[in-house]
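# no sequence for this one, just the structure:
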């Protein structure tokens, strides 16, 4: 689904997870329905429910850690938490810095939201969250890109006229369409790979446990049920 981020930090590549049976799960908490903070101040969403179930099947105890997107890979590498479960697309660039489990969702299409359904994208100013696959795509097209730190800011830029459109995962934009005159354009983009959990390259044993848990959810159909419940992507 979501993003492209390059981490240059190589600190603590040999760090192990916090304790034998406790795993700290790092997420953004700002990308509904994948992950968000609910009214009780708790991490919620598809990936919270998924992560808790994966930990249960892997016989691990989960602790959830909220982290801003732009530092989510460096802070994994430096040992602030043990996994990333934050709508992160598996890409070759990221795989040079961290490891990934097998994908737990297929690729999510990227879509555009604008105030004008007839906006000319090639000549428009398009907003995207910084360090995402969407930002990289716009830049590769040679279109005019404005980047923001959070997904909320990209949508706000369209509302207040700083940008003509925003490009993001369709599942996220579905949550804002229809508010303040925002409309979804017909055009979508197939960019990025499936979404997986990110781990330090030194944590092969932990990756194997989560791989097995993800596969068990695919095999018994519970992963498709969870994807359908939260409407985050197509099913397996």
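Okay, I see it. In this text the structure is predicted, and so the values were computed from the model without any measurement.
# mind giving me the domain split of the chain?
The record's domain split for the chain, according to automatic domain parsing, is 22-106+193-230, 110-189.
# Endpoints of the shortest one, how far apart?
Think domain 110-189. End-to-end distance of domain 110-189 (Cα to Cα, to the nearest Å): 5 Å.
# Ok, stretch 25-40 next?
In stretch 25-40, first residue to last residue: 19 Å (Cα to Cα).
# and the domains of the chain as TSV, adding mean neighbour count?
In this view, the C-beta of every residue, glycine as well, is placed from N, C-alpha and C. Output for the domains of the chain, formatted as TSV (neighbours: other Cβ atoms under 10 Å):
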stretch	mean neighbour count
domain 22-106+193-230	19
domain 110-189	18
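# Which helix or strand lies directly C-terminal to the worst-scoring helix or strand of the chain on mean pLDDT?
Among the helices and strands of the chain, helix 92-95 carries the lowest confidence by mean pLDDT, DSSP states H and E, at a mean of 92. Once the chain leaves helix 92-95, the next helix or strand it forms, by DSSP states H and E, is strand 99-100.
# Which residues does that next one contact?
The contact list for strand 99-100 (Cβ atoms under 8 Å, 6 or more residues apart in numbering) reads 90, 94, 196-201, 203-204, 207.
# Cross the residues you listed against helices and list the overlap.
Judged by DSSP state H, the contacts of strand 99-100 include 94, 204, 207 as members of helices.
# Name all residues that make contact with the second one.
When contacts are counted by Cβ under 8 Å, 6+ apart, residue 204 touches residue 99.
# Can you tell me how far it is from residue 54?
In this view, residue 204 and residue 54 are 17 Å apart by Cβ to Cβ, to the nearest Å.
# The last one too?
Residue 207 sits 12 Å away from residue 54, taking Cβ to Cβ as the criterion.
# any idea which residue sits dead centre in this structure?
When Cα atoms, centre = their mean is applied to the chain, the residue found nearest the centroid is residue 87 (2.0 Å).
# Pretty sure it sits against residue 47.
Yes. The pair residue 87 / residue 47 is scored as a contact, 6.9 Å apart, by Cβ atoms under 8 Å.
# what touches both of those two?
With Cβ under 8 Å, 6+ apart, residue 87 and residue 47 have common neighbours 34-35.
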